[in-house]
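Colleague: coordinates only, no sequence provided:
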């Protein structure tokens, strides 16, 4: 599977938070040598999530993860080039098995490697990421309704729990790319 090799191509991926309405998504450019473990780090910073829960990738019936104890293959041993070589253009990623933040990852296109660019690069995205530990999409949407209704019996509790983060921050491409900086390589 993933061997140390020199990148030959760049993949443009679209990462969608499954079932989100309106859509919550990110578009990112990554090297073909990127492993699923490395892609996990990219997703965590691009959305952003807190990276405080278990996760797994689901590729054609196989699960890949970095955690022992899960019935999964090692995510650090399979690269995106390995997946693309099998003709796979879409797979899933789940973050936080309790809240079950499902993501759909699509390989939109293959691009030539630009030797002057450091990857990963976030090129687009829409909507802020949900608040961590809010109970999945259903819980998140319910929380947004409650914090907008001062008469709701749980309004003050949610405001206190969320503090200054009561409303999710708007998505900022510049801020997301700044978060990705520590992962960048040629």
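Modeller: That came through fine. Here the structure is a predicted model, which is why all the values come from computation and not from measurement.

Colleague: distance check, the most centrally placed residue in the chain against residue 149.
Modeller: Centrality entry for the chain: nearest residue to the mean C-alpha point is residue 43, 2.8 Å, by Cα atoms, centre = their mean. Counting by Cβ to Cβ, to the nearest Å, the separation of residue 43 from residue 149 is 32 Å. Glycine gets a C-beta too; all of them are placed from N, C-alpha and C.

Colleague: how about residue 37?
Modeller: Using Cβ to Cβ, we find residue 37 at a distance of 42 Å from residue 149.

Colleague: cool, and residue 93?
Modeller: The gap separating residue 93 from residue 149 is 33 Å, by Cβ to Cβ.

Colleague: the two: which is more packed in?
Modeller: residue 93 (21 against 10; other Cβ atoms under 10 Å).

Colleague: can you give me phi and psi for the more buried one?
Modeller: phi -140, psi 130 (degrees, to the nearest 10).

Colleague: quick one: contacts for the residue nearest to the centre of the chain?
Modeller: Counting by Cβ atoms under 8 Å, 6 or more residues apart in numbering, residue 43 touches 15, 26, 49, 93, 95, 103.

Colleague: looking at this structure, which residue lies furthest from center?
Modeller: Going by Cα atoms, centre = their mean, the residue of the chain most distant from its centre is residue 151, 34.7 Å out.

Colleague: that older thread, greatest separation within the contacts of residue 43: which pair is it?
Modeller: 26 and 95 (13.2 Å; Cβ to Cβ).

Colleague: more neighbours, the two?
Modeller: Taking neighbours as other Cβ under 10 Å, residue 26 and residue 95 compare with residue 26 leading, 26 against 23.

Colleague: cheers, nothing more for now.
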